[in-house]
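Undergrad: Build me a model from this:
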Amino acid sequence: MTKGILARKRIVQGFAALACLLLLSAVLHAAEGTCIEGDCVAGSGTYVYPDGSKFIGQFKDGLPEGQGRLYYSDGSFYSGTFQKGRKNGRGKFSCPDGRTYEGGFKDDKLWGKGTYKYRDGMVYRGDFKDDKWEGFGELTFPDGRRYEGQFQDNKRHGTGRFTWKDGQVYEGGYVNDRMQGAGKLTFTDSSRFEGEFKDNSYDGPGTFFYADGKVLAGTFKEGYLDGKVVITYPDGRTEEAVYRRGERVVQEEEQ
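TA: Residues are numbered from 1 along each chain as shown. Modelled structure (predicted):
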């Protein structure tokens with residue numbers, strides 16, 4: 001029951017922004033491009049921008065409105081709904097490096113329900129707000145790790161469940177991407193810790209249940225048992241002990 005049990009756990013990597021999102025704005029559309037086909041004022045047409053980007057779709061008052069496709073000069077592509085020249089509603093976006101997003105947009109930002117697939121195989125499915133993971137979502141990794149729960153500002157924040165590729169599972173609170181608050185950590189041998197966490201370590205009152213039936217209940221500090229502990233053995237016997245930094249202290253009455 002040392003801090004080492006948690007030390008090897010890795011933190012979920014942060015949000016990788018869509019660097020290829022060269023957003024179409026009313027200002028960009030107002031630039032002197034060329035309508036090469038159709039009605040680019042109040043109908044359907046094809047408009048080429050000064051940087052080489054091209055929009056094909058519906059227009060209203062000289063701005064993209066309704067369904068359309070936008071081909072960026074860097075190879076990025078968007079297909080979906082526009083309102084007043086901005087991405088609004090549902091749409092699909094792809095980057096030249098293989099990243100893709102499908103879901104909601106609001107004023108050119110990722111907003112609402114969506115799925116973001118990264119080039120390394122990581123996938124986020126869930127709520128977005130202002131281009132960030134915000135709300136409830138599921139994050140899966142190429143190696144099999146998975147997190148399901150609440151996010152805030154691109155970080156695990158609130159309550160959630162993290163499963164490691166070896167089957168180990170944490171269920172409980174998160175603060176700024178770290179295990180914090182009440183939680184339960186279950187190991188592959190079925191032993192488990194239930195109690196308080198702080199900064200990815202056991203910290204506060206908690207109970208460790210061993211696979212053989214032995215139970216230790218006490219206070220933890222920075223990942224170690226620290227203070228009075230009640231030990232319950234598989235045969236029902238109990239005893240009290242004192243621990244400091246994970247090591248049992250031999251008291252005078254025990255000598």
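Undergrad: which residues touch Phe193?
TA: Taking C-beta atoms under 8 Å, 6 or more residues apart in numbering, we find Phe193 in contact with 1, 184-185, 202, 206-209. C-beta: built from backbone N, CA, C; applies to glycine.
Undergrad: Let's see if you can find the most crowded of those.
TA: Ranked by neighbour count (other C-beta atoms under 10 Å), the contacts of Phe193 have Tyr202 at the top, with 28 neighbours.
Undergrad: Enumerate the beta-bridge partners assigned to that one.
TA: On the basis of DSSP bridges, Tyr202 is bridged to Phe197.
Undergrad: Please enumerate residues in contact with the strand or helix carrying Gly218?
TA: If you go by DSSP states H and E, Gly218 is part of strand 215-221. Strand 215-221 has contacts (C-beta under 8 Å, 6+ apart) with 1, 195-196, 201-210, 225-232, 243, 245.
Undergrad: Pull out the buried members of those.
TA: When neighbours are counted using 16 or more other C-beta atoms under 10 Å, the contacts of strand 215-221 contain these buried positions: 1, 195-196, 201-203, 206-210, 225-226, 229, 232, 243.
Undergrad: how about a markdown table for the contacts of Phe193, with distance to Lys129 and pLDDT added?
TA: Shown next, in a markdown table, are the contacts of Phe193 (distance: C-beta to C-beta, whole Å; pLDDT from 0 to 100):
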| residue | distance to Lys129 | pLDDT |
| --- | --- | --- |
| Met1 | 39 | 39 |
| Lys184 | 29 | 97 |
| Leu185 | 30 | 96 |
| Tyr202 | 33 | 94 |
| Gly206 | 34 | 97 |
| Thr207 | 37 | 97 |
| Phe208 | 38 | 95 |
| Phe209 | 39 | 97 |
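Undergrad: mind listing which of those are in strands?
TA: Of the contacts of Phe193, the ones assigned to strands by DSSP state E are 184-185, 202, 206-209.
Undergrad: Looking at those, spot the one nearest Ser53.
TA: Of all those, Ser53 sits closest to Leu185, with 49.6 Å by C-beta to C-beta.
Undergrad: that older thread, now the strand holding Gly218: buried residues?
TA: 216-221.
Undergrad: Adding distance to Asp131 as columns, could you present the ones in strands among the contacts of Phe193 in a markdown table?
TA: What follows is the ones in strands among the contacts of Phe193, written out as a markdown table (distance: C-beta to C-beta, whole Å):
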| residue | distance to Asp131 |
| --- | --- |
| Lys184 | 33 |
| Leu185 | 32 |
| Tyr202 | 35 |
| Gly206 | 38 |
| Thr207 | 41 |
| Phe208 | 41 |
| Phe209 | 42 |
